[in-house]
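1. Give me a 3D structure for the following:
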Amino acid sequence: MPSQRLLLWAGLALVLWLNYQAWQQDYASPPATSQAQSGPTASTPAAPAPQALEQSVPGLPTPTSDANTPPAPEAPAAPVAAPAAAGDIRVLTDVLDLRIGAQGGELKRADLLAYPKDKRNPDVLVRLFNDDPAHPFLLQSGLTSGIPGAQPDHLATFTSAASEYRLADGTDEIKVPVTWTDGQGITVTKTYTFTRGSYAVRMDYDIDNKSAKDWQTASYMQFLRQQPHVERSMFDVESYAFMGPAIYDGTKYRKLEIDDEEDRVFSAGIQNGWFAAMQHHFVAAAVPAAQQTYQYRLRAENGQYLLGAVGPSQVVPAGARRTLSETLFVGPKLQAQLETTGPRLELVADYGMLTILSKPLFLVLKWVHGLVGNWGWAIVLVTALIKLIFYPLSEASGRSMAKMRALAPRIKNIQERYKDDREQLGRAMMELYKREKINPLAGCLPIVIQIPVFLAFYWVLLESVEMRQAPFMLWINDLSTRDPLFILPLFMGAAMFGQYKLNPAPPDPVQAKVFMFMPIIMTVMFAWFPSGLVLYWLTNTVLSIAQQWRINKVVEQQAKKASA
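-> Residues are numbered from 1 along each chain as shown. The predicted structure is shown next:
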């Protein structure tokens, strides 16, 4: 029948779409250059690290504060990883355990105290910045004049009054100052400000010019990272999350592929934007000063990238002081904190093309979670709410399905009568549908609506760090990963089989067999999906069964009354 065929095609379309997405992730990315693919060999020396907005690159356009201001200087070259320097500073807040290097005052290590890498080993924390020479991930920042000589860049030596700073009980803020001086009257104090419960970090440069002449400088920030290689696998949904650099240019969010020839040499002047080094659930982002044009640049080579921005020239008159401020974010993609840190910084929690559905869905889930305190029950309740919203549509569909189930013997007689005349069979079937007021396509409408909601749920569960390692009940201790015992997918398959038995069977024997095996196919496919997504589909199927069972009873009673 037409409705059954459309239902089958809708299910197959969903499976094909998911496989296409997996293929896109695995094979559709632009290939890297041959050097990047092969890497250094014994006969070929390793390529140098990409340079940080280097002076050796000719023709670099650099914004200026006005027409009479000299061009902004450029940041100095960056080594692959700066050697460890004595006098590193430890900073311990309620959410972060950081190391600030004496060289450059750079952030060289950041452990997230509330986020273990694996729930089974809570002592091993997620680490963002890392000063391992083989896999560096550093935030380098400073001031530079572009003129050879002493300057407070990320290669200079800073001093600190203490080797350790801790956020004391009862205080909401801690300041960590490091100081540099050229010995000729210029003193720069770089101050990191940490706030209780927050992953946002304010960075201020207090410039004190006690020399006899004006001092020109510009601030810059840059992420240096050796991006780890991740093998994508259908058994690990996390491997499909985006990892790499991203920017926001004031109007549009853009992920930069370091293997793409165009992206790997990205350069642009941007106001009111930000740039970030992204990975699944976590991000390090730099937000330059607002209303100022910064020159953004990405350089990538052999899996290593350097993403940074240099600001406009600033002149500090002799005998004067000036303060420059910028903001960092180092931590999980908590959307409430991201929204208050930078313009549209919450976009790093990337829901893709379905953001228009995923964003409100996440907000509703978060609200319900605030009431029940469990993300699993929040998924169950929101699924029930969605089912309630679409009840009028699904109720009309259910009535058509129930009537078709009641008409199954008559439909079978018509098919036998006109089995050799398909044109007459089609006319007889349409006359029956019209006489009994049945819409054969009504059964497909709920499926068509469920597909985008299902995909929105998928992205919310995959990208929302709020649900990372979130337990539900019993053996389900992480809704963002697959069921470790595969019990929930089996329950879902059983529910889908029950739904199949409750609906009218397709008259075509081939279609009937395909529909009978569909629960098995879906069970195998869903076995590797996040358990929260399986919970959503299971809840939706159980509610659909309950609704259809009730509608069938009502239609049967109405048919008996009509016959009487």
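
2. Bridged to residue 310, which residues?
-> As for beta bridges, residue 310 partners with residue 220, residue 295 under DSSP bridges.

3. Report the separation between it and residue 456.
-> 39 Å (C-beta to C-beta, to the nearest Å). From N, CA and C alone the C-beta is placed, and that goes for glycine too.

4. Just want to know which of those two has more residues nearby.
-> Legend: neighbour count by other C-beta atoms under 10 Å for residue 310 and residue 456, higher for residue 310 (26 against 21).

5. what does the model give the more buried one for pLDDT?
-> Listed pLDDT for residue 310 reads 94.

6. I'd say it and residue 267 touch.
-> No. Residue 310 lies out of contact with residue 267 (C-beta atoms under 8 Å); the separation is 11.0 Å.

7. Now do the shared contacts for those two.
-> Residues touching both residue 310 and residue 267 (C-beta atoms under 8 Å, 6 or more residues apart in numbering) are 295, 297.

8. so who does residue 221 touch?
-> Going by C-beta under 8 Å, 6+ apart, residue 221 touches 139, 140, 141, 286, 288, 308, 309, 326, 328.

9. again, only using 10 Å
-> Residue 221 sits next to 75, 139-142, 154, 203, 275, 286-288, 294, 307-311, 326-328 when contact means C-beta atoms under 10 Å, 6 or more residues apart in numbering.

10. same check, this time on residue 453
-> When contacts are counted by C-beta under 10 Å, 6+ apart, residue 453 touches 354, 357, 358, 361, 383, 386, 390, 536, 540.

11. same thing but at 7 Å, please
-> When contacts are counted by C-beta atoms under 7 Å, 6 or more residues apart in numbering, residue 453 touches 357, 386.

12. Next, work out how far apart it and residue 187 are.
-> Look at residue 453 and residue 187: by C-beta to C-beta, they are 59 Å apart.

13. Residue 175 now?
-> Using C-beta to C-beta, one gets 17 Å for the distance from residue 175 to residue 187.

14. Looking at those two now, which is surrounded by more residues?
-> Shown here are residue 175 and residue 187; by other C-beta under 10 Å, residue 187 has more neighbours (17 against 11).

15. Stretch 253-268: which residues count as buried?
-> 253, 255, 256, 257, 258, 259, 263, 264, 266, 268 (16 or more other C-beta atoms under 10 Å).

16. Show the end-to-end separation of it, please.
-> The first residue of stretch 253-268 is 14 Å away from its last residue (C-alpha to C-alpha, to the nearest Å).

17. Pull the distance from it to the chain's centre.
-> 18 Å (C-alpha atoms, centre = their mean, to the nearest Å).

18. Over it, what's the mean pLDDT, rounded is fine.
-> 87.

19. which residues of the stretch 301-450 of the chain score low on pLDDT?
-> Across the stretch 301-450 of the chain, the ranges flagged by pLDDT under 70 are 394-409, 411-412, 415, 419-421, 433, 436-447.

20. try 90 this time
-> Scanning the stretch 301-450 of the chain for pLDDT under 90 picks out 301-303, 319, 349-361, 373, 383-450.

21. Could you pull out the strands in the stretch 101-250 of the chain for me?
-> Assigned strands in the stretch 101-250 of the chain, in chain order: 107-118, 121-127, 137-144, 164-166, 173-181, 186-195, 200-209, 215-226, 244-248 (criterion: DSSP state E, counting those that start in this stretch).

22. Using CSV, lay out the ones you listed together with distance to residue 527 and mean pLDDT.
-> As requested, those are exported to CSV (distance: least, C-beta to C-beta, whole Å; pLDDT from 0 to 100):
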stretch, distance to residue 527, mean pLDDT
strand 107-118, 21, 90
strand 121-127, 25, 88
strand 137-144, 34, 92
strand 164-166, 46, 93
strand 173-181, 47, 94
strand 186-195, 43, 94
strand 200-209, 39, 94
strand 215-226, 34, 93
strand 244-248, 29, 92
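
23. closest one to residue 365 among those?
-> Smallest distance to residue 365 across these (C-beta to C-beta): 19.8 Å, for strand 107-118.

24. Residue 311: what's it in contact with?
-> Counted by C-beta under 7 Å, 6+ apart, residue 311 has contacts 72, 218, 219, 220, 288, 289, 292, 294.

25. nope, residue 464 is what I was after
-> Going by C-beta under 7 Å, 6+ apart, residue 464 touches 349, 362.

26. let's see it at 6 Å
-> With contact taken as C-beta atoms under 6 Å, 6 or more residues apart in numbering, residue 464 is in contact with residue 362.

27. ok, it to residue 325 distance?
-> Applying C-beta to C-beta, the value for residue 464 to residue 325 is 30 Å.

28. before we move on, what about residue 331?
-> For residue 331 relative to residue 325 (C-beta to C-beta), the value is 20 Å.

29. Residue 277 too?
-> For residue 277, the distance to residue 325 equals 21 Å [C-beta to C-beta].

30. Pretty sure residue 325 sits against residue 204.
-> Yes. With contacts counted by C-beta atoms under 6 Å, residue 325 reaches residue 204, the gap being 5.0 Å.

31. all helices for the stretch 201-350 of the chain, in order.
-> Secondary structure of the stretch 201-350 of the chain (DSSP state H, counting those that start in this stretch): helices at 335-341.

32. wait, the stretch 451-564 of the chain
-> Secondary structure of the stretch 451-564 of the chain, counting by DSSP H, counting those that start in this stretch: helices at 487-502, 509-526, 531-563.

33. I'd like to know which of those helices lies nearest to residue 470.
-> Between residue 470 and these, the shortest separation by C-beta to C-beta is 7.8 Å, and it involves helix 531-563.

34. Just the buried positions in the closest one, please.
-> For helix 531-563, the neighbour count (16+ other C-beta under 10 Å) marks 531-545, 547-548, 551-552, 555 as buried.

35. Ok, stretch 311-331 next?
-> For stretch 311-331, the neighbour count (16+ other C-beta under 10 Å) marks 311, 312, 313, 314, 316, 324, 326, 327, 328, 329, 330, 331 as buried.

36. so how far is that stretch from its chain's centroid?
-> When C-alpha coordinates are averaged (C-alpha atoms, centre = their mean), stretch 311-331 and its chain have centres 31 Å apart.

37. Convert that stretch to CSV, retaining C-alpha atoms only.
-> Taking Å, rounded to 0.1, in the frame of the first residue of the first chain, the C-alpha atoms of stretch 311-331 are listed here in CSV:
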residue,chain,number,x,y,z
GLY,A,311,46.0,43.9,17.7
PRO,A,312,46.4,47.5,16.4
SER,A,313,49.4,49.6,17.4
GLN,A,314,49.1,51.4,20.8
VAL,A,315,51.3,54.3,21.8
VAL,A,316,52.1,54.9,25.5
PRO,A,317,53.5,58.4,25.9
ALA,A,318,56.6,59.0,28.0
GLY,A,319,55.7,59.3,31.7
ALA,A,320,52.2,57.7,31.1
ARG,A,321,50.5,54.4,31.8
ARG,A,322,48.1,52.4,29.8
THR,A,323,46.1,49.2,30.2
LEU,A,324,45.2,46.7,27.5
SER,A,325,42.7,43.9,28.2
GLU,A,326,41.7,40.6,26.5
THR,A,327,39.7,37.6,27.6
LEU,A,328,40.4,33.8,27.5
PHE,A,329,38.1,30.8,28.0
VAL,A,330,39.7,27.5,29.0
GLY,A,331,37.3,24.7,29.8
